[in-house]
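Asks: Just the structure for this:
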Amino acid sequence: MHIIDRRLDPGGKSLANRQRFIRRAKALVKQAVRETSGARKIREIDGGGAVTIPADGVSEPSFHAGRNGGMRDYVLPGNKKFVSGDRIDRPKQGSGSGSEGSADGEGEDSFRFVLSRDEFLDLFLEDLELPNLAKRKVMGEAAEKRQPAGFRTSGPPSSLSVGRTMRRSLSRRIALKRPNRQALEAMHEELAALEEEAGKDKARINELKAEIERQERRSRVVPFIDPVDLRYRRIEVTPEPIAKAAMFCLMDVSASMDEHMKDLAKRFFSLLYLFLTRRYRQVEIVFIRHTHEAKEVDEETFFHSRESGGTVISSALIEMARIAKERFPADQWNIYAAQASDGDNLSSDNARTVALLRETILPMSQYYAYLQVGRGDYDRDDGVFARQETTLWRAYRELVRPELPMAMRKVNDRRDIYPVFRELFEKRDEMAEAN
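Replies: Numbering: from 1, shown residues only. The predicted structure follows:
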């Protein structure tokens with residue numbers, strides 16, 4: 001997104017000041033985009049539209065001189081209310097929220113930006129990436145890389161190498177002893193001088209004329225540039241090693257997941273799907289829904305099916321391991337997984353789930369993100385909803401280590417979906433992680 005400031009240059013404002021203003025405006029637009037996304041429906045989350053930012057957010061500070069140029073003492077005759085030393089309150093301004101309030105409470109409107117879909121998505125997905133995208137292999141429809149590969153004798157005019165062509169032309173002219181223009185001009189001058197002399201040396205004149213004719217004939221026979229001199233730049237197109245990734249989306253759709261929880265999970269996976277399809281070309285997305293049993297489904301079924309049942313988390317991990325083994329070899333693919341659940345699981349299944357993660361899923365994965373969705377428990381002392389801690393959350397928390405590629409977050413309200421999503425997939429500093 002590019003913001004163009006069409007205001008006239010104000011006095012005393014530098015280019016750096018104007019650039020800071022534009023950066024601040026863009027940051028406010030980006031924040032407005034993120035806040036707007038939380039209030040949208042799932043189907044409308046990737047659309048453009050209008051966003052507003054407060055007028056005071058882009059105001060520029062300035063220095064003002066005193067009304068009379070400095071500190072002054074005043075004597076107010078006929079005063080019945082104040083005595084010496086009293087402070088006089090500032091007069092009340094208009095009640096409007098703008099910077100130029102009026103007596104009736106009206107003020108300036110907020111700034112309104114109308115963004116296209118591409119501009120909205122660019123701001124929405126800025127600074128996000130898949131962590132540890134490292135394994136690269138030339139496979140299938142690999143991207144093409146164009147690189148110089150020498151020269152050739154034919155090609156389109158746009159690829160003509162003028163320097164290489166002129167060097168070959170010069171070498172050929174020297175080898176064939178083609179006369180140069182300076183030598184011919186010297187012979188013509190000598191011939192003209194001999195013809196103007198009183199005692200003409202006819203033998204020398206005839207010799208010069210024969211030599212000039214021979215050299216001019218050689219110039220016509222040996223051209224300045226010949227087709228054999230032409231050299232064209234050769235471009236070789238080779239497959240470029242690309243990083244291919246597979247993202248497994250695991251969603252709990254059991255009976256314990258009410259409509260609010262499913263809405264949170266779907267919003268999270270909608271953001272994930274939008275992010276992957278927008279930022280990466282070679283990413284395979286696998287959708288797995290699970291109750292007491294898991295199965296791979298298509299996108300439409302994943303987001304809109306109303307199937308329900310019991311809860312066995314390990315069934316989703318088993319299905320993921322099976323699909324990865326069959327279609328996505330770990331030595332060739334970057335394996336990622338995102339799991340959303342309310343944390344309710346069959347008690348006897350927690351140990352098996354943790355064992356599958358530790359021994360099978362995490363060793364082959366580049367990154368595993370777990371999102372627990374729920375309403376939270378009401379805290380009577382604080383009057384707020386506290387984040388709920390389930391048996392599955394406690395089991396996963398015991399598993400998490402700094403050296404393991406796993407992250408866990410909780411979400412109770414749809415306004416928290418985007419901040420949590422950014423935490424999970426925010427671009428990280430490779431040097432900082434190495435340290």
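Asks: pLDDT value on Gly330, please?
Replies: Check again: residue 330 is Ala, not Gly. pLDDT recorded at Ala330 is 84.
Asks: Likewise for the one 5 residues further on?
Replies: The pLDDT attached to Ile335 in the predicted structure is 90.
Asks: Spell out the secondary structure type for it.
Replies: When classified by DSSP: H, G, I helix; E, B strand; the rest coil, Ile335 comes out as strand.
Asks: Which residue, neighbours along the chain excluded, lies closest to it?
Replies: Spatial nearest neighbour of Ile335, chain neighbours left out: Ser365 (4.8 Å); criterion: Cβ to Cβ, 6 or more residues apart in numbering. The C-beta positions use only the backbone N, C-alpha and C, and glycine is treated the same way.
Asks: Can you name the next helix or strand after the helix or strand encompassing Ala149?
Replies: Ala149 is located in strand 143-152, with elements delineated by DSSP states H and E. Counting by DSSP H and E, the next helix or strand C-terminal to strand 143-152 is helix 162-175.
Asks: Could you pull out the buried residues of that next one?
Replies: If you call a residue buried by 16 or more other Cβ atoms under 10 Å, then helix 162-175 has these buried ones: 165, 168-169, 172-173.
Asks: Output those in JSON lines, with pLDDT appended to each entry.
Replies: Conversion of the buried residues of helix 162-175 to JSON lines gives the following (pLDDT from 0 to 100):
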{"residue": "Thr165", "pLDDT": "92"}
{"residue": "Arg168", "pLDDT": "91"}
{"residue": "Ser169", "pLDDT": "89"}
{"residue": "Arg172", "pLDDT": "87"}
{"residue": "Arg173", "pLDDT": "84"}
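Asks: Which one of the residues you listed is nearest to Leu230?
Replies: Proximity of the buried residues of helix 162-175 to Leu230 (Cβ to Cβ) peaks at Thr165, which lies at 5.5 Å.
Asks: For Met295, the count of nearby residues, please.
Replies: If you look again at residue 295, you'll see it is Lys, not Met. 14 (other Cβ atoms under 10 Å).
Asks: List the residues that contact Thr353.
Replies: Contacts for Thr353 (Cβ atoms under 8 Å, 6 or more residues apart in numbering) come out as 313-314, 317, 345, 392, 395.
Asks: Phi and psi next, for Glu185.
Replies: phi -70, psi -40 (degrees, to the nearest 10).
Asks: same check, this time on Arg401
Replies: According to degrees, to the nearest 10, Arg401 has phi -140, psi 160.
Asks: right, and out of the contacts of Thr353, which lies closest to Ala338?
Replies: Nearest to Ala338 among these: Leu317, at 12.8 Å, using Cβ to Cβ.
Asks: From Ala203, how far out is the closest one?
Replies: Going from Leu317 to Ala203 by Cβ to Cβ, to the nearest Å gives 107 Å.
Asks: if you count what's nearby, which of these two comes out ahead?
Replies: With neighbours defined as other Cβ under 10 Å, Leu317 and Ala203 compare such that Leu317 has more, 25 against 8.
Asks: picking up where we left off before, filter the contacts of Thr353 down to the buried ones and hand me the PyMOL line.
Replies: In PyMOL, this line selects whichever of these come out buried by 16+ other Cβ under 10 Å:
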select buried, resi 313+314+317+345+392+395
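Asks: Make JSON lines out of the contacts of Thr353 and add pLDDT.
Replies: Output for those, formatted as JSON lines (pLDDT from 0 to 100):
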{"residue": "Ile313", "pLDDT": "90"}
{"residue": "Ser314", "pLDDT": "91"}
{"residue": "Leu317", "pLDDT": "93"}
{"residue": "Asn345", "pLDDT": "85"}
{"residue": "Leu392", "pLDDT": "87"}
{"residue": "Ala395", "pLDDT": "87"}
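Asks: what would the contacts of Thr353 look like in JSON lines with secondary structure?
Replies: What follows is the contacts of Thr353, written out as JSON lines (three-state DSSP):
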{"residue": "Ile313", "secondary structure": "helix"}
{"residue": "Ser314", "secondary structure": "helix"}
{"residue": "Leu317", "secondary structure": "helix"}
{"residue": "Asn345", "secondary structure": "coil"}
{"residue": "Leu392", "secondary structure": "helix"}
{"residue": "Ala395", "secondary structure": "helix"}
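Asks: Let me have the contacts of Thr353 in a markdown table, adding distance to Leu230 as columns.
Replies: Supplementary listing: those in a markdown table, determined by distance: Cβ to Cβ, whole Å:
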| residue | distance to Leu230 |
| --- | --- |
| Ile313 | 69 |
| Ser314 | 69 |
| Leu317 | 64 |
| Asn345 | 73 |
| Leu392 | 72 |
| Ala395 | 73 |
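Asks: part of a strand, is Ile285?
Replies: Yes: under three-state DSSP, Ile285 falls within a strand.
Asks: doesn't Phe275 make contact with it?
Replies: No: under the criterion of Cβ atoms under 8 Å, Ile285 makes no contact with Phe275, lying 10.7 Å away.
Asks: more crowded one of the two?
Replies: More neighbours surround Phe275 than the other of Ile285 and Phe275, with 20 against 17 (other Cβ under 10 Å).
Asks: can I assume that one sits in a strand?
Replies: No: assigned with three-state DSSP, Phe275 falls outside any strand and is helix.
Asks: wouldn't it be in contact with Glu426 here?
Replies: No: with contact defined as Cβ under 8 Å, Phe275 and Glu426 do not form a contacting pair (11.4 Å).
Asks: Show the backbone phi and psi for Lys81.
Replies: According to degrees, to the nearest 10, the main-chain angles of Lys81 amount to phi -110, psi -30.
Asks: tell me the pLDDT at it?
Replies: At Lys81, the model reports a pLDDT of 74.
Asks: Output the buried residues of helix 162-175 in a markdown table, with distance to Asp258 appended to each entry.
Replies: Shown next, in a markdown table, are the buried residues of helix 162-175 (distance: Cβ to Cβ, whole Å):
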| residue | distance to Asp258 |
| --- | --- |
| Thr165 | 75 |
| Arg168 | 79 |
| Ser169 | 81 |
| Arg172 | 85 |
| Arg173 | 88 |
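Asks: which stretches of this structure form helices?
Replies: Along the chain, the segments classed as helices by DSSP state H run 15-38, 117-124, 162-175, 181-196, 202-221, 259-279, 299-304, 313-327, 350-356, 362-364, 391-399, 417-425, 430-434.
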